[in-house]
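*Asks:* Return atomic coordinates for the entry below.
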Amino acid sequence: MEQTRTDRFKTALLLMAVTGLIVGLAFYLAGQPEIANLIWIAGVVPALAALVVEIVRSIGRGEVGLDIVAALSMSAALVFGETLAAAVVAVMYSGGTFLEAFAEGRARRSMKDLLSRVPRTATRHLNGGLEDVPLEEIAPGDRLLIRQGDVVPVDGTVASNTAFLDTAALTGESLPVRLARGADAMSGSTNAGEAFDLTAVREAKDSTYAGIVRLVEEAQASKAPMSRLADRWSLGFLVVTVSIAFAAWWFTGDPIRAVAVLVVATPCPLILAVPVALVAGLSRAAHFGVLIKGAGPLETMARIRTLILDKTGTLTDGRPQIISIDSHDGMTEDDILRLAAALDQASKHPVAQAIVAAAKARGFTLPVPTEVAEIPGEGVLGRVEDREVIVGGDGFVASRVGRMVGDHPAKGAGSVLVAVAVDGHMAGHLVMSDPLREGAGAMLDGLRRQGIARILLATGDRADVAERVTEGLGLDGLRAGLTPDQKVLLVLSERKHGPVMMVGDGVNDAPALAAADVGVAMGARGAAASAEAADVVLLVDRIDRLGPGIEIARASRRIAVESVVAGIGLSVMGMIAAAFGYLTPVQGALLQEVIDVAVILNALRALRIAPQEPATGKPQAITSEQADIVQGATP
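*Replies:* Down below sits the predicted model:
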């Protein structure tokens, strides 16, 4: 609302200035110069008064900018009788602020579209019926109906057989995603298929989409280091402008030349180009599923020289995945998986949930287990269809059935062995692993081409596991067995090579993300702590989105710098021409407006940045940290 009132005020100032200029010209051409002068003055005074108020407010905030030049040029033109020039400057200045507001509004459009999609109510199942309730009344466990075209209001799990969700507004994915029963559904996605039921897992205020909205609002209010640097440059430019104007008057005795110099420098592209280009970059990055929490992190991303990657859930997929099933005593692979999954329904452990998901993916109907007992970090015991079933680490299950633990031929570094016993006999093993994400090597090669000089892996996992997983990637360093505080020390030590970006997805990564110049969280399913600590959140569970994010950041910064250099260069040339008498005040004002329009249009090129699209990656398998937990080891 406040922004709307400000935009209307700027529009009104522009209309008054334009009306005063046109009506004054009409009287001047009709042979009434005195009346024309009064009308021009009347058109200038509102713009000048508003400008003076803004300057006073800026000084109160400790900011000094080029608005002072605009006020000086209009005041000098009025004092020395150049009322037409003053009217033109008023139109140019009010038009410049209007164009700036329009450009920033255009740049923020994608983010506004994101905010406008926030649902206000949801449809909840209750006592065999349906009721529409406000979002804040939804509680974890509520069953919601998501109709076709509805935006998913809260994070939840699919409670119907299938769901088709369009996540384009959040992640940039062009095609709807098919989700099976029990799959996670991200709030903010749109139902692109038939109506389905959703079981809420979080309140609306704690859901993904609400967090995104908060981050967008913070990003819109942010100010980049480059913008603050532009403020300091503007002070120097102000000194240069006043010096040239004073020199022109001193050496020629003609105050009109000083007025011409001042109007050529009003307003300066320095204060227009940087915010427009960077906000446009934020908007463009959001389109590709890279949510940057402000113009400051965007500008820092453009200067990154060192990248530190966590392994589990970042460079690898981080979700358990079965790669083979070995059976004993004649039991089939399907029976082993079905019984293990039925029992693991009672556990929330990631490996257990992966086994359940694998069984459901094969279309198995899972019976409800009874007499369940879970030993944290070891395994689960219980009864399934009147059969005693044990699922867990090989050592844990072997000890329960009276067998010795032997070396399994399929188990290698980074894999985990899940043993399954039925009725006191070892029934078989599920071999699970966490291989590298598809396309990770190509992604790292692309980042090197963009100027990332050093790429390191930082993990709490064992060195042999990390080396096997990252073999052939050509990393510049591998640090294994790290605790969270050791990851922080690594980030700090790498700063000697330049700005550092840290990418992670877990709670243990949060301190390092906060310590890095730019922290990036895998926000699609990462821990809330890491997303809060990070400067950038990848809304889609694909690390190859880093490439487009960095490319957009660098292109946005480059466009901002180009606009500043070109605009300042042209302005200085115009001021020199005015000082030597080649430009009148009116001509100088018109020239500067041409420069300003060109600068704004150039800055808006950031909205058309087209980064190279990463190859589609597919989720892969299990974390070694989780594998160690299953076997009772310390990650």
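
*Asks:* middle-most residue in this protein, spatially?
*Replies:* Centroid-nearest residue in the chain, with CA atoms, centre = their mean: L291, separated by 1.1 Å.

*Asks:* can I assume it sits in a strand?
*Replies:* Yes - remark: L291 belongs to a strand, assigned using DSSP: H, G, I helix; E, B strand; the rest coil.

*Asks:* I'd say it and V536 touch.
*Replies:* Yes - counting by CB atoms under 8 Å, V536 is a contact partner of L291 at 6.9 Å. For the C-beta atoms, the positions are set from N, CA and C on the backbone; glycine is no exception.

*Asks:* circling back to that earlier point, over to the residue nearest to the residue nearest to the centre of the chain when sequence neighbours are not counted. Which of the three states is it?
*Replies:* Once flanking residues are discounted, L291 sits nearest to V537: 4.6 Å by CB to CB, 6 or more residues apart in numbering. In terms of secondary structure, V537 is strand; the call rests on three-state DSSP.

*Asks:* Strands of the stretch 351-500 of the chain, residue ranges please.
*Replies:* Per DSSP state E, counting those that start in this stretch, the stretch 351-500 of the chain has strands spanning 370-375, 379-384, 387-393, 415-422, 425-433, 454-458, 477-479, 500-504. These are given in chain order.

*Asks:* deepest of these, which one?
*Replies:* Across the strands of the stretch 351-500 of the chain, averaging neighbours per residue (mean count of other CB atoms under 10 Å) puts strand 500-504 on top, at a mean of 29.

*Asks:* pLDDT averaged over it - what is it?
*Replies:* In this model, strand 500-504 has a mean pLDDT of 89.

*Asks:* For the helix or strand immediately after it in the chain, C-alpha coordinates in PDB please.
*Replies:* From strand 500-504 onward toward the C-terminus, using DSSP states H and E, the following helix or strand is helix 510-515. C-alpha atoms of helix 510-515 as PDB (Å, rounded to 0.1, in the frame of the first residue of the first chain):
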ATOM      1  CA  ALA A 510      24.200 -24.400   9.200                       C
ATOM      2  CA  PRO A 511      27.200 -22.900  11.000                       C
ATOM      3  CA  ALA A 512      29.400 -23.200   7.900                       C
ATOM      4  CA  LEU A 513      26.700 -21.700   5.700                       C
ATOM      5  CA  ALA A 514      26.400 -18.700   8.100                       C
ATOM      6  CA  ALA A 515      30.200 -18.300   8.100                       C
END
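
*Asks:* what's downstream of helix 510-515, the next helix or strand?
*Replies:* Scanning onward from helix 510-515 (DSSP H and E), the first element met is strand 518-522.

*Asks:* now that following strand and strand 500-504, what's the angle there?
*Replies:* Put simply, strand 518-522 runs at 20 degrees to strand 500-504, going by axes from the mean of the first three to the mean of the last three CA atoms, to 10 degrees.

*Asks:* partners of strand 518-522 in the sheet?
*Replies:* Looking at strand 518-522 with DSSP bridges, its partner strands are strand 500-504 (parallel), strand 536-538 (parallel).

*Asks:* Tell me if I'm right that M16 and A47 touch.
*Replies:* Yes - using CB under 8 Å, M16 makes contact with A47 at a distance of 7.3 Å.

*Asks:* joint contacts of those two?
*Replies:* S94 (CB atoms under 8 Å, 6 or more residues apart in numbering).

*Asks:* quick one: which of those two has more around it?
*Replies:* Under the criterion of other CB atoms under 10 Å, the comparison of M16 against A47 puts A47 first, with 26 against 20.

*Asks:* Can you tell me the closest non-neighbouring residue to that one?
*Replies:* Sequence neighbours aside, A90 is the residue nearest to A47 in space, at 4.2 Å (criterion: CB to CB, 6+ apart).

*Asks:* Over to V384?
*Replies:* V384 sits nearest to A342 (CB to CB, 6+ apart), 4.5 Å away.

*Asks:* and the helix or strand that neighbour falls within, which residues are buried?
*Replies:* Remark: A342 resides in helix 333-344, with elements defined by DSSP H and E. Using 16 or more other CB atoms under 10 Å as the burial criterion, the residues of helix 333-344 that qualify are 335-344.

*Asks:* and if you look at stretch 472-488?
*Replies:* Neighbour-count burial for stretch 472-488, with 16+ other CB under 10 Å as criterion, is recorded at 473, 475, 478-480, 482, 487-488.

*Asks:* Stretch 356-376 now?
*Replies:* For stretch 356-376, the buried set under the neighbour-count rule, 16+ other CB under 10 Å, comprises 356-360, 364, 366-367, 369, 372, 374.

*Asks:* repeat for stretch 432-450
*Replies:* By neighbour count with 16+ other CB under 10 Å, stretch 432-450 contains the buried residues 432-440, 443-444, 446-447, 450.

*Asks:* Just send the residues you listed back as a markdown table, with pLDDT too.
*Replies:* Written out in a markdown table, the entries for the buried residues of stretch 432-450 read as follows (pLDDT from 0 to 100):
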| residue | pLDDT |
| --- | --- |
| M432 | 80 |
| S433 | 75 |
| D434 | 71 |
| P435 | 69 |
| L436 | 74 |
| R437 | 74 |
| E438 | 73 |
| G439 | 74 |
| A440 | 80 |
| M443 | 83 |
| L444 | 87 |
| G446 | 86 |
| L447 | 87 |
| Q450 | 85 |
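
*Asks:* farthest-separated two in these?
*Replies:* Largest separation among the buried residues of stretch 432-450 by CB to CB: M432 and Q450, giving 34.5 Å.

*Asks:* contacts for stretch 469-480?
*Replies:* Contact partners of stretch 469-480, identified using CB under 8 Å, 6+ apart, comprise 311, 315-316, 414, 434-436, 440-441, 444, 454-463, 465-467, 486, 490, 624.
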